[in-house]
Structures are given as C-alpha cells and as structure tokens.
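Visitor: sequence first, predicted coordinates after that:
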Amino acid sequence: MVLLISAFNFGLIFAFLALGVYISFRIFHFPDITADGAFAFGGAATTAMLVSGWGPIMATVAGFLAGMLAGATTGILHTQFRIHGLLSGILVMTALYSVNLHVLGKSNVALSAASTLNKDWTVLLKNSVGEMERVDILGWMVGIQDLASLLLLALLMVVVGLLLYCFLKTKLGTAMRGSGDNPQMILAMGVSDKLLLTFGLALANGLTALSGSLLVQYQEFADVQMGIGMVVWGLASVIIGESLVGESRLGLLIAGAILGSILFRMMIAIALRCGLNPNDLKIITAFFVFIALVAPQWSRRRKSRLLLGKLKVV
Amino acid sequence: MLELREVHKTFYVGTPNEVRSLRGVCLSMQQGSFVNVIGTNGSGKSTLLNAVAGTFLVDSGQIVLGSEEITRQSEHRRARRIGRVFQNPFSGSAPSMTIAENLALASRRGLSRGLGWSLTRSLRDEIADRIRTLKMGLENRLDNPIGSLSGGQRQAITLLMATWVTPDLLLLDEHTAALDPRSADQVIRLTHEIVTRDRLTTLMVTHSMQQAVHLGDRILMMHQGQIVADLSGSEKARTRAEDLLSRFDALRQRDQLTPAVRDLLEHSYV
C-alpha cells in the first residue's frame, strides 16, 4: 500500500509535467525541450524561496512563474529570432543549467529544515484526525504524511486540471488550440500565431516547473540535474493517456494525460519492485516512448499490407 | 475602397531563380465591387492576393484599404478587416476542432479574445441558424470535428467563417479549384449569395473563365506580373469565355517570340 501511495504521489506530481508536455507537443505540435530545464528551474526557484524563509504557497507560485519565463523565452527565440523550435528549446535548456546553479547556490539543496506544502498539509491533516502517525485505509496502515501528500496533490491536480480545461474552452484558449491545429487559419482570423505560441509555451513550461516545484517539496530535496529526461517522461505519460482515452474530447485528453502519468509511475514502481536496476530507468523510459511512437506506424503498415493482399486476391 | 499603387514584388532576388511576380501593379476597387482576377500560371494573380492579405511585404508601392494604408501591416492585423478563403479546403479551418468551435473562432475576428467562454448557448444557436443556410445538413453535426467533412463542406464553412464578421474586403483564392464540379458549383452559388446579400467588396482569383464571365462586375487579366486587361461595364457584359481564352492564346504566342522580334512588332505597331 505504501508503494502504491508513493507511486500515486509521484504520478500526480509528474501529471503536471504531462499537462505541460500535452500543451507543447500535442496542442502546438512544438518539440519543446525547454521542459528539462524548466522542471529543474521550477524546483530551484521554489527551493531558493523556501530556504530564504518564504511561505510554501508563494514559493510554489514562484516556481510556476519561473517556468513561464523559461517557456516565454523559448517562444520569443523561435518566433521573433526565427530560430528552429528544437534549437530554441535546447538553447534555453542549456542556459537554465547555469541559471539553476546560481539560483540554488550549489548543485543540490536539502529542504528538511524548511516549511513545505506537504509538511503544512500534514500538520493540517494531523490536527483534523488527531495526532496519529498512521491511518487505517481498507485494512492497510498508511503513513499520515503520505496520505496528506496524496490528498494535497489530488486536490491540486483536480483544480489545475479543471482550470486548464476551462481556460482551453475560453475565447483565448480556443484560439490557442486553433493556432496549434492550423496556424494559417488563426492568422486569417486576425490573431497572431506567434503570440499564441509564446503564451502557450509559457503556460506549458509553467506547468512543467510546477511539477518540479512540487517534487522538491515532496522529496524535500532539490538537485540541479533533476530535470534530465523529463520531456520523455511527460511524453510517455501523454502517449499512455491517449491510448487510454483515444483521440477524443478535450476533457478526456486532459484526464488521459493525468491518468497516463499515474499509470506510468505505477508501471515503473512495479518494475523497480521486480528488480529493475534504477540506473536503467531512463533507457527503459526512452525505449518505451520509442515503441509507443513507432507501434502505430507498424500497425498502419501491416493493415495496408493486409488490405493490398486482399485487393490482389480480388 | 482598395487601392494598389505601383506595387512591386520580386522573389529570390539576386539568384538564378529570381522571379518578378508583381511589376508595378496599380488597381482601384470601389466599395461593393466584385473583381475577378484571371491569368496564366505564374502570372502573379495569387501573388497579388497574397500581397493584399499581407502574406509577405511588398518591395515597393502602396496598399490602401479604406482610408488606412496597410502596406507594412502584419498579416494578422490585416486579417481583422480582410476575410479570406484559400484554394486548399483544408487551409481555412482547424481540423481537430469541432464545426461549432471553428465558427466560434470566426465570430471573434477583429475583436478581443479574453477569458469568456468561446461557445455560449446563444452563439451555438446562431451558428446552427447560419449553418442551416448552407443547406448541407451540417446543423446537426456541430460537435463533429471539421476534419471529418468533405472538401466542399469545409470550403463552404470556411466561406461562412471568412464572412461571419462582415469584412471590408473578401479575398477568394481559386477557392473552388480543388473541389469536384458539383461541390464547386455549390460553393460558387453560396459565394454569390453571401457577396450579394452583404454587398461585400470582393477580389476573386479564378482559373475558370465561366466564373470570371458570369460572376462579379469586373475582370482583370494578369500576365507576367502586370494587369494586361481590365474589363468592366458593358465591355465585361459582352465578353464570353471564348474571348478570354483567345486573349490568353495571343499572350502565349507573343511569349514564344524572341525578344528582338517582339520589340520589332511593338515598334511597328507604334
């Protein structure tokens, strides 16, 4: 049960990253590598704020805003300086490594002494259920801290997921979706596709950084290299989500990305439990995304070959 | 209404592929007029439309719409006043979004896009009413992705989107060229209805001589980046599709002559 809740918590934390990747990769079809840097930037900004004595809410908001800044920079490099999208992201991601080092002051910082969202929430929960360290859930004894984190993250996810859904249904959000779908059309509707892309990337990286911010608070530890491979992680979650809900309505796609992240984290937890070497985690993730990307092509080719075979028979 | 003054545009300047697409084009259109632009491939007719739409900035000359000079304006700023239907039926709408969402986007052309709901109940009703006028049975499919529609249906909706907020100028770039004859007829009929009803100032590029003759009140013939014929009033009314085709043949024959012979002929006429 502890393993399950822990996997759920990590899954929910990375679900914010999945939403960010969903916006950049699926709505805008933009290969945004900034996410790797923005994830760590969000974590670093939050850590620096918490260490300086700021409250967890302000520190989390600062993490989100830091990611928005990173995303907007990538957007500006691409739209105003006409640098290839992939290269814009690589430039910002590379630059963010130094920025994160400066923000953190050293390569890793512990948050054991600082106040965090999870700690505050745990205190709140303890106060409401009595000074218990463990709670009985369906016969399983669950640590109050894990349970508090789960409730906090689930609540945050519902709020952010709903806000994102509502935003994408507004006039501005619809224009953003339209811009990703067909930039020529949105230009003909009198809207700057460049502005929308910049804003979209800012929002996407804001969510990615929020994920980093929540992770450092959950594990009470920030590392300058914590963002490595996050794009692939997010992409894996989105792909799993799509296979769960299909190419369907917006609400389901958002829910799919969240569920995909949780499911992916569960799969990883089970694999680790079964003896997977943690050092192999990234290569397994990359291999999984590779399979998820090429499998539909193989399936299409197989179907068309079968169809051709049938036609020849006729 | 629309005025082009000595507009020049050259692509691939200084390379072996240099093309002088517009060579001093001058054009004046009155409000409410419907002008057809015809010409051979590469004559500059689509370039003319794109220059007005702002797809690229012209090298020199002026473009004035109403009382505002738009020569240096960005494409999206011009689009707030200019409606546009593309040749490719898939260019004018967002395929994975629903019919209703596409039209909701169009209903805000030239207006601010804030955080209000994109698709309200009243707007949805209005969309259904307007879609019904297309007589394509699409009013019951408002929640279908627009990508699931045929080319003709998509082009009809694109036309509706381009004219939802009455534009100061409507640009039609061979908007029936990629459609089957039946769909093309349907879209042309719809174009005629909307342009006549809203008295839209319209600039239409077409390859069809029949369309050029039967629609609108003026025909511009383009060749090698210049307007070589401008037919209106009784002259246009007398013009048949065959007359336009023979003019094209004459232009083609003239192109086949060597420059020296062409010069000689021109001087002998003078």
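Guide: Thanks, I have the structure now.
Visitor: any idea how far the helix ranked longest in chain B is from the chain center?
Guide: Longest helix of chain B, by residue count under DSSP state H: helix B:181-198. Taking CA atoms, centre = their mean, to the nearest Å, the mean C-alpha location of helix B:181-198 is offset from the chain mean by 14 Å.
Visitor: so which helix or strand takes in the spatially most central residue of chain B?
Guide: Central residue of chain B (CA atoms, centre = their mean): residue B:172, 2.3 Å from the mean position. If you go by DSSP states H and E, residue B:172 is part of strand B:169-173.
Visitor: which residues does that strand contact?
Guide: Residues from elsewhere that reach strand B:169-173 (CB atoms under 8 Å, 6 or more residues apart in numbering or on different chains): B:1-2, B:46, B:49-50, B:52-53, B:65, B:81-87, B:162-163, B:191, B:195, B:200-206. (Each C-beta comes from the backbone N, C-alpha and C, glycine too.)
Visitor: against which helices or strands is the longest helix of chain B packed?
Guide: If you count contacts as 3 or more CB pairs under 8 Å, 6 or more residues apart in numbering or on different chains; DSSP states H and E, helix B:181-198 packs onto helix B:151-164.
Visitor: any idea of the mean pLDDT in the helix it packs on?
Guide: The average pLDDT for helix B:151-164 rounds to 92.
Visitor: just the CA trace of it, in CSV.
Guide: Output in CSV follows, covering the C-alpha atoms of helix B:151-164 (Å, rounded to 0.1, in the frame of the first residue of the first chain):
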residue,chain,number,x,y,z
GLY,B,151,-13.6,19.4,-49.1
GLY,B,152,-16.8,21.1,-50.4
GLN,B,153,-18.4,21.2,-47.0
ARG,B,154,-15.2,22.5,-45.4
GLN,B,155,-14.9,25.2,-48.1
ALA,B,156,-18.5,26.3,-47.6
ILE,B,157,-17.8,26.6,-43.8
THR,B,158,-14.6,28.5,-44.5
LEU,B,159,-16.6,30.9,-46.6
LEU,B,160,-19.0,31.3,-43.7
MET,B,161,-16.1,31.8,-41.3
ALA,B,162,-14.5,34.5,-43.6
THR,B,163,-17.7,36.4,-43.8
TRP,B,164,-19.2,35.9,-40.3
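Visitor: tell me where the chain has strands.
Guide: All of this refers to chain A. For chain A, the strands defined by DSSP state E occupy A:108-110, A:134-137, A:140-143, A:221-223.
Visitor: my question was about chain B
Guide: Using DSSP E, strands in chain B cover B:2-11, B:19-29, B:34-39, B:60-65, B:68-69, B:82-85, B:169-173, B:202-205, B:218-223, B:226-232.
Visitor: partner strands of the second one and their direction?
Guide: Within its sheet, and counting by DSSP bridges, strand B:19-29 is paired with strand B:2-11 (antiparallel).
Visitor: in chain A, where's the longest helix?
Guide: Longest helix in chain A, counting residues (DSSP H): helix A:281-313.
Visitor: okay, buried residues for it please.
Guide: By neighbour count on 16 or more other CB atoms under 10 Å in any protein chain shown, the buried set for helix A:281-313 is A:285, A:288, A:289, A:292.
Visitor: spit out the contact partners of the third one.
Guide: Counting by CB under 8 Å, 6+ apart, residue A:289 touches A:232, A:235, A:236, A:239.
Visitor: any chance of these in TSV, with distance to residue B:130 and pLDDT too?
Guide: Listed next are those as TSV, based on distance: CB to CB, whole Å; pLDDT from 0 to 100:
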residue	distance to residue B:130	pLDDT
A:232	45	88
A:235	40	88
A:236	43	87
A:239	38	87
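Visitor: between these, which is closest to residue A:126?
Guide: Closest approach to residue A:126 among the contacts of residue A:289 (CB to CB): residue A:236, at 35.3 Å.
Visitor: quick check: the closest one vs residue B:28, distance?
Guide: Residue A:236 sits 59 Å away from residue B:28, going by CB to CB, to the nearest Å.
Visitor: between those two, which is the more surrounded one?
Guide: Neighbour count, other CB atoms under 10 Å in any protein chain shown: between residue A:236 and residue B:28, residue A:236 has more, with 25 against 11.
Visitor: near chain A, which residues of chain B show up?
Guide: Residues of chain B lying close to chain A (CB under 8 Å from any CB of the partner chain) are B:74-77, B:79-80, B:83-84, B:86, B:91-97, B:101-102, B:104-106, B:108-110, B:113-119, B:161-162.
Visitor: of those residues, keep whichever come out buried.
Guide: B:75-76, B:79-80, B:83-84, B:86, B:91-94, B:96-97, B:101-102, B:104-106, B:108-110, B:113, B:118-119, B:161-162.
Visitor: can you count the residues close to the closest residue to residue B:17 other than its chain neighbours?
Guide: Once flanking residues are discounted, residue B:17 sits nearest to residue B:11: 7.8 Å by CB to CB, 6 or more residues apart in numbering or on different chains. Neighbours of residue B:11 under the rule other CB under 10 Å: 14.
Visitor: quick one: contacts for residue B:11?
Guide: Residue B:11 is in contact with B:17, B:18, B:19, B:21, counting by CB under 8 Å, 6+ apart.
Visitor: which strand residues bridge it?
Guide: Under DSSP bridges, the beta-bridge partners of residue B:11 are residue B:19.
Visitor: now do the same contact list for the closest residue to residue B:155 other than its chain neighbours.
Guide: Residue nearest to residue B:155 in three dimensions, not counting chain neighbours: residue B:89, with 4.3 Å by CB to CB, 6+ apart. Listed by CB under 8 Å, 6+ apart, the contact set of residue B:89 reads B:151, B:152, B:154, B:155, B:158, B:178, B:179.
Visitor: do I have it right that the first one meets residue B:176?
Guide: No. Shown here, residue B:151 and residue B:176 do not form a contact pair, counting by CB atoms under 8 Å, at 9.9 Å.
Visitor: overlap in contacts, these two.
Guide: The contact lists of residue B:151 and residue B:176 share residue B:183, where a contact means CB under 8 Å, 6+ apart.
Visitor: quick one, which of these two is more surrounded?
Guide: Higher neighbour count among residue B:151 and residue B:176: residue B:176, with 26 against 17, using other CB under 10 Å.
Visitor: could you check how far the residue nearest to the centre of chain B is from chain A?
Guide: Taking CB to the nearest CB, to the nearest Å as the measure, residue B:172 falls 12 Å from chain A.
Visitor: bridge partners for that residue, pull those for me.
Guide: Residue B:172 has these beta-bridge partners by DSSP bridges: residue B:85, residue B:204.
Visitor: so what's residue B:231 closest to, chain neighbours aside?
Guide: Distance criterion CB to CB, 6+ apart; nearest residue to residue B:231, sequence neighbours excluded, is residue B:219 at 4.4 Å.
Visitor: what about the one you found, how many residues nearby?
Guide: Neighbours of residue B:219 using other CB under 10 Å come to 22.
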